[in-house]
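Novice: Build me a model from this:
(one chain, ligands or ions: 2)
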Amino acid sequence: MVKSDNITWHHSQVSKAERQALNHHKSVVLWFTGLSGSGKSTIANAVEKALFDQQIGSYVLDGDNMRFGLNKNLGFSAEDREENIRRIGEVAKLFVDAGVITLTAFISPYRADRDKVRANLKADEFIEVFVDTPLEVCEQRDVKQLYAKARRGEITGFTGIDAPYEAPIDPEITIDTSKQPLAASVQQVLNYLAEHHYVSLVTANEN
Ligand SMILES: Nc1ncnc2c1ncn2[C@@H]1O[C@H](COP(=O)(O)OS(=O)(=O)O)[C@@H](OP(=O)(O)O)[C@H]1O
Ligand SMILES: Nc1ncnc2c1ncn2[C@@H]1O[C@H](COP(=O)(O)OP(=O)(O)O)[C@@H](O)[C@H]1O
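Specialist: Numbers count the residues shown, from 1 in each chain. Ligands and ions are numbered 1, 2, ... in the order given. Got it, this is the predicted structure:
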């Protein structure tokens, strides 16, 4: 639904394919989803660094960070989370059009909201990365002490405690950070990108 009348779509003189050719890699969204503390940000940022070291530009859109700016007017009701994910989906789509490998790290607890982002992109432009770390492990880490607050009833509507998390049904990549070290998760994502021809990686022997 578009609210405005009398608006026209303007086409660029440079196509997405031309931008990708300039960058020597395809553009895509790596959509990390999972509980708070599951490892979304840690893995996404480590993948960005690994790509950078391969001279491949990418960019991380992180849940907490976006809530300081673009999404500062949104809270954690189901409606606000839906709007949060809708906006990030649109931003990620612009980044893909700009030729960038885009990593997003949002809980994105609702399957329908994630599926809408996927549907708004081409089939090969959305890679769902399910960070499937068990709740007990996330709660034990409790990086920000938010699970403790939620258990004490000081935060309500906390994902995994008293708000839902709907796991992906058929994610492209699944990672359980309680079962493998960070480096293995980074390699798993890089391997996926290379095997599906999004990027070509230089191996240590070629350096
Ligand atoms: N009620 C509630 N539920 C879940 N998370 C909460 C809540 N309140 C604050 N936080 C902190 O906000 C981070 C999640 O923000 P997101 O934008 O990723 O959430 S969502 O996708 O809109 O559900 C999340 O950060 P991450 O730990 O990085 O996931 C929390 O630190
Ligand atoms: N194998 C692992 N992979 C990723 N993170 C891990 C791992 N083991 C422990 N951690 C820790 O778990 C925490 C995950 O936090 P974070 O990445 O912010 O999660 P999220 O973005 O999903 O909320 C970090 O403190 C990280 O150091």
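
Novice: In space, what's closest to His197 - neighbours in sequence excluded?
Specialist: Lys26 (7.3 Å; CB to CB, 6 or more residues apart in numbering). Where C-beta positions appear, they are placed from N, C-alpha and C, glycine not excepted.

Novice: Now do the contacts for the one you found.
Specialist: By CB atoms under 8 Å, 6 or more residues apart in numbering, the residues touching Lys26 are 20, 101, 124, 197-199.

Novice: If we only consider those, which is nearest to ligand 2?
Specialist: Using CB to the nearest ligand atom, the shortest approach to ligand 2 within the contacts of Lys26 belongs to Ile101, at 18.3 Å.

Novice: Enumerate every residue touching that closest one.
Specialist: By CB under 8 Å, 6+ apart, the contact set of Ile101 is 25-28, 30, 51, 56-59, 193, 198-199.

Novice: do that again at 7 Å, thanks
Specialist: 25, 27-28, 51, 56, 58 (CB atoms under 7 Å, 6 or more residues apart in numbering).

Novice: can those residues go into a markdown table with extra columns for pLDDT, secondary structure and neighbour count?
Specialist: Listed next are those as a markdown table, based on pLDDT from 0 to 100; DSSP: H, G, I helix; E, B strand; the rest coil; neighbours: other CB atoms under 10 Å:
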| residue | pLDDT | secondary structure | neighbour count |
| --- | --- | --- | --- |
| His25 | 93 | coil | 22 |
| Ser27 | 97 | coil | 21 |
| Val28 | 98 | strand | 25 |
| Leu51 | 97 | helix | 22 |
| Ile56 | 94 | coil | 20 |
| Ser58 | 97 | strand | 23 |
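
Novice: In a markdown table: those, plus distance to Pro181.
Specialist: Conversion of the contacts of Ile101 to a markdown table gives the following (distance: CB to CB, whole Å):
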| residue | distance to Pro181 |
| --- | --- |
| His25 | 26 |
| Ser27 | 29 |
| Val28 | 25 |
| Leu51 | 19 |
| Ile56 | 22 |
| Ser58 | 21 |
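
Novice: Return the members of the contacts of Lys26 classed as buried.
Specialist: 20, 101, 198-199 (16 or more other CB atoms under 10 Å).

Novice: Model confidence for the most centrally placed residue in the chain, exactly?
Specialist: For the chain, Thr104 is the residue whose C-alpha lies nearest the centre (CA atoms, centre = their mean; 2.4 Å). Looking at Thr104, its pLDDT stands at 98.

Novice: What of the one 5 residues further on?
Specialist: The predicted local confidence for Pro109 comes out at a pLDDT of 98.

Novice: cool, and Gly63?
Specialist: Confidence for Gly63, expressed as pLDDT, is 80.

Novice: Skipping adjacent residues, who's closest to it in space?
Specialist: Per CB to CB, 6+ apart, closest to Gly63 is Phe106, 4.3 Å.

Novice: Which positions in this protein make contact with ligand 2?
Specialist: 34, 36-43, 105, 131, 141, 143, 177, 181-182, 185 (CB under 6 Å from any ligand atom).

Novice: Can you pick out the ones from those that are in strands?
Specialist: 105, 131 (DSSP state E).

Novice: Got a ChimeraX select line for the buried ones in the residues of the chain next to ligand 2?
Specialist: The buried subset of the residues of the chain next to ligand 2, as determined by 16+ other CB under 10 Å, is captured in ChimeraX by this line:
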select :34,36,37,38,39,40,41,42,43,105,131,141,177,185
